[in-house]
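Student: What would the 3D arrangement of this be:
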Amino acid sequence: MGKHVSRRNLLKLGTAAGLGSLAGCDQVAFPGLSRAEGPPQPAATDASELPATSASGFRYEVQRSDEDWRARLTEDEYTVLREGGTEPRNSSPLATETRNGTYACKGCELPIYSSSQKIILPQGWVFFRHSYENAVLTGIDSGQIEAHCRRCGSHLGHILSVQKQIVHCINGSALNFTPIGS
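Tutor: Residues are numbered from 1 along each chain as shown. All right, here's what the predicted structure looks like:
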C-alpha cells in the first residue's frame, strides 16, 4: 500500500456493536465480503428502475467500469475510494476546513456530510458526528466498521471511537467540499 497507512494502527477502535446506528448511518453488516463488494442497495419496485448488478450481486445507483473510475480519480483517490485505502494523516486540507458547507462523495457527488456535524480532532483526518440520513452504509472489514457511500459504494473511511466520541473518520480525498454560497 505504500504511503497509505492503516488507521487501525493509529487509532483505537471502540466497541463495534451498535456504532453505526449511534453515528447516524444505516448499518449494513456484510461479514466475509471484500471491500470491493460493498453494501447492498434496496430493491426498486419496477425492474426497469434497477441499476446494473455487479458481479457480487450488489446494486448501486451509480456504477462505472474500472477504466472509468481510473479516468475520473487520481491514483490516491482511486486507492481510497475503490480499494479501501487510507490517505496519510494530515494530507488533506479538509481536515482543518472550518467554513460552512457540504461534503459530497468524490465518486458520485452525493451529499454525505454537513459542516454542522464536523469536528476537528488532532488525529489528522476529517471527522464528523453524523452523516446525512440515508447517505452512508457501513460494513465490517477486519473488525473495523467501514463507511461507504450508499449511491456508488465508494469507501469513505471508518467509524471509530476517538477521544471517547463515536465519529466518522473520513479520508479527505474521498470528499468534495462546497462552501455555502458557492
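Student: Residue 80 - that's part of a helix, no?
Tutor: Yes - the assignment for residue 80 (DSSP: H, G, I helix; E, B strand; the rest coil) places it in a helix.
Student: wait, it sits on residue 173?
Tutor: Yes - at 5.1 Å, residue 80 counts as touching residue 173 under the criterion of C-beta atoms under 8 Å. For the C-beta atoms, the positions are set from N, CA and C on the backbone; glycine is no exception.
Student: any common contacting residues for these two?
Tutor: With contacts defined as C-beta atoms under 8 Å, 6 or more residues apart in numbering, the residues shared by residue 80 and residue 173 are residue 87.
Student: Which strand runs longest in the chain?
Tutor: strand 155-162 (DSSP state E).
Student: need the next SSE after it, C-terminal direction.
Tutor: strand 165-170 (DSSP states H and E).
Student: That following strand - contacts with which helices or strands?
Tutor: strand 126-128, strand 155-162 (3 or more C-beta pairs under 8 Å, 6 or more residues apart in numbering; DSSP states H and E).
Student: quick one, helices of this structure?
Tutor: 19-22, 66-72, 75-83 (DSSP state H).
Student: Each with direction, which strands does the longest strand of the chain pair with?
Tutor: The pairing partners recorded for strand 155-162 under DSSP bridges are strand 144-149 (antiparallel), strand 165-170 (antiparallel).
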